[in-house]
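[1] build the 3D model from these lines:
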Amino acid sequence: MQKYVKFFNIAQQLKFVKRKGWTRFPPIKEVESVADHSWMIQMIALSLPTNELNKDKCIKIALLHDLAEVIVGDIIPSENMPANEKKQKEDNAMRMMVQDLDEDIKNELYSIHKEYENGESIEAEVVRELDKLEMLFQAFDYEQKYKVRLDEFYSCEARIKTKYVRPLLDELLKQREQFLSQ
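    Reported below is the predicted structural model:
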């Protein structure tokens, strides 16, 4: 059990890794953690109005999709890290984190990580879109709370295309437009 306690002690540090993109806006006082972000993606995945997806799989992918950030930190686009370098750092971190776990658990966690990273299933694709959607939900929340415009975050909207996620985005954008016109 010692190896599991070690793993859980590392994983729980995700609660203290702040989402770096938000820290660039001084009006935002309470920045969400990566764990907060991952939790909300899981909530959205669980609540998606469809029976066509394996929601348990979506939740597992969402739970693990940013776990490596506990080691590598929240790498944001403005850091200009090449995608392959970011992917390699996160892969190395994930391998390191699970290396001492029992073989079946280690393989399951790592394969879920790879499925997401490589977009190997519709569930991985949907979680990738939910990752963007959750960021936009958070941007809208901050815009309302802190009276700040966060237009740059909405540039990702074109990457949200699936029939599972796009309608949620469209509704969010509609509500944001109404808010901004007040």
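[2] going forward, measure contacts and count neighbours with C-alpha atoms only.
    Fine.
[3] got the buried residues for stretch 63-74?
    Counting neighbours by 16 or more other C-alpha atoms under 10 Å, one finds that the buried residues in stretch 63-74 are 63-74.
[4] for D100, grab the count of nearby residues.
    By the criterion of other C-alpha atoms under 10 Å, D100 has 15 neighbours.
[5] repeat for V5
    Using other C-alpha under 10 Å, V5 has 10 neighbouring residues.
[6] and what of K161?
    Counted with other C-alpha under 10 Å, the neighbours of K161 add up to 14.
[7] that one: what's its closest spatial neighbour, skipping adjacent residues?
    Nearest residue to K161 in three dimensions, chain neighbours excluded: E129, at 7.9 Å (C-alpha to C-alpha, 6 or more residues apart in numbering).
[8] among the buried residues of stretch 63-74, which ones are in helices?
    Among those, the members found in helices (DSSP state H) are 63-64, 69-72.
[9] picking that back up, next one, pLDDT for the residue nearest to K161 please.
    In this model, E129 is scored at 98, pLDDT.
[10] wait, doesn't it sit right on I160?
    Yes - E129 lies in contact with I160 (C-alpha atoms under 8 Å); the separation is 5.4 Å.
[11] what helices and strands are in contact with the helix or strand K145 falls within?
    Assessed by DSSP states H and E, K145 sits inside helix 122-146. For helix 122-146, the packing partners by 3 or more C-alpha pairs under 8 Å, 6 or more residues apart in numbering; DSSP states H and E come out as helix 34-47, helix 55-64, helix 103-118, helix 166-180.
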